[in-house]
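Undergrad: Give me the fold of what follows.
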Amino acid sequence: MTTFEFVFSLLVILLGLGLAEVLGGLARAAKRRPGLTIGWGTGLLATWVMTETVIFWEIIWRTRDVMPPDSPALFAGFGVTALYYFAGALVFPDDMSGSKSLNDYFMREKAKVIAAVLAAVAISFLLRPLVMGRAAWSVVPWYAWASLAIIYVAGPAAALTRRRETAVVCLALLVVIDLCDPVATLIWPG
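TA: I've put the predicted structure just below:
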């Protein structure tokens with residue numbers, strides 16, 4: 001087992017479980033349709049959590065040649081991936097019986113979900129130099145910096161607003177930004 005495989009195995013388990021939480025919630029909600037309205041907010045929040053999780057999975061893979069096999073790397077990685085799992089677990093309620101719409105749940109829980117993802121992104125960026133050394137910032141492409149700026153404007157706006165429509169617009173922007181990542185990677189590889 002390589003050093004990277006040692007660290008990666010713990011981290012991807014949590015990321016996979018977080019994705020399973022979101023997909024499981026979506027499946028449970030879909031089974032209750034048409035008696036249950038999922039809503040744009042919940043749908044976009046679920047999509048954003050999944051795209052952010054997949055992007056982080058890719059970021060971990062990129063560190064495969066420099067990831068140290070020590071406790072600080074394991075605990076830091078655990079902390080970040082635990083936040084992604086937490087976010088995924090909160091997107092959908094455990095009990096949807098008696099609910100006709102997920103809009104109230106979305107408005108009640110969105111701030112926790114968004115805060116967990118924003119914290120995971122912030123911690124992972126702050127820990128980059130510890131994992132990758134001095135080159136950590138030189139390998140971040142310009143579009144990643146632009147995306148990060150948008151995430152930290154639209155994310156808090158979506159989390160803090162009391163207007164569902166504003167949260168939906170902000171989350172739609174966040175999803176579009178994340179879906180541009182593969183396009184940007186194709187246009188500007190490396």
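Undergrad: low-scoring pLDDT stretches of this protein, where are they?
TA: 3, 131-133, 135-139, 188-190 (pLDDT under 70).
Undergrad: Determine how far stretch 141-155 lies from the middle of the whole chain.
TA: Distance of stretch 141-155 from its chain centroid, counting by CA atoms, centre = their mean, to the nearest Å, is 14 Å.
Undergrad: do the same with stretch 31-50
TA: So, by CA atoms, centre = their mean, the centroid of stretch 31-50 is 16 Å from its chain's centroid.
Undergrad: Go ahead and name everything in contact with that stretch.
TA: The contact list for stretch 31-50 (CB atoms under 8 Å, 6 or more residues apart in numbering) reads 18-19, 22-23, 25-26, 29-30, 84, 87-88, 91-92, 96, 99-103, 105-107, 110, 113-114, 117, 164, 167-168, 171-172, 174-175, 178. (Each C-beta comes from the backbone N, C-alpha and C, glycine too.)
Undergrad: Distance-wise, check the residue positioned nearest the centre of the chain relative to L174.
TA: By CA atoms, centre = their mean, the chain has its centre lying nearest to E52, at 3.2 Å. Counting by CB to CB, to the nearest Å, the gap from E52 to L174 is 8 Å.
Undergrad: what does A82 give?
TA: 21 Å.
Undergrad: between those two, who's got more neighbours?
TA: Ranked by neighbour count (other CB atoms under 10 Å), A82 and L174 place L174 first, with 27 against 16.
Undergrad: Tell me the backbone dihedrals of the more buried one, please.
TA: Per-residue torsions, L174: phi -60, psi -40 (degrees, to the nearest 10).
Undergrad: what about the closest residue to it other than its chain neighbours, how many neighbours?
TA: Spatial nearest neighbour of L174, excluding adjacent residues (CB to CB, 6 or more residues apart in numbering): W48 at 4.9 Å. By other CB under 10 Å, 30 other residues sit near W48.
Undergrad: Please apply the same query to L160.
TA: Burial of L160 is recorded as 14 neighbouring residues (other CB under 10 Å).
Undergrad: if you skip the residues just before and after it, what's nearest to it?
TA: A111 (6.8 Å).
Undergrad: residues near the one you found, how many?
TA: For A111, the count of nearby residues is 15 (other CB under 10 Å).
Undergrad: For it, which three-state class applies?
TA: Judged by DSSP: H, G, I helix; E, B strand; the rest coil, the three-state class of A111 is helix.
Undergrad: And for M107?
TA: Assignment for M107 (three-state DSSP): helix.
Undergrad: Now do the contacts for the closest residue to it other than its chain neighbours.
TA: Nearest non-adjacent residue to M107, counting by CB to CB, 6+ apart: R164, 6.0 Å away. With contacts defined as CB under 8 Å, 6+ apart, R164 is in contact with 41, 103, 106-107.
Undergrad: Distance check, R164 against W48.
TA: Counting by CB to CB - R164 and W48 are separated by 15 Å.
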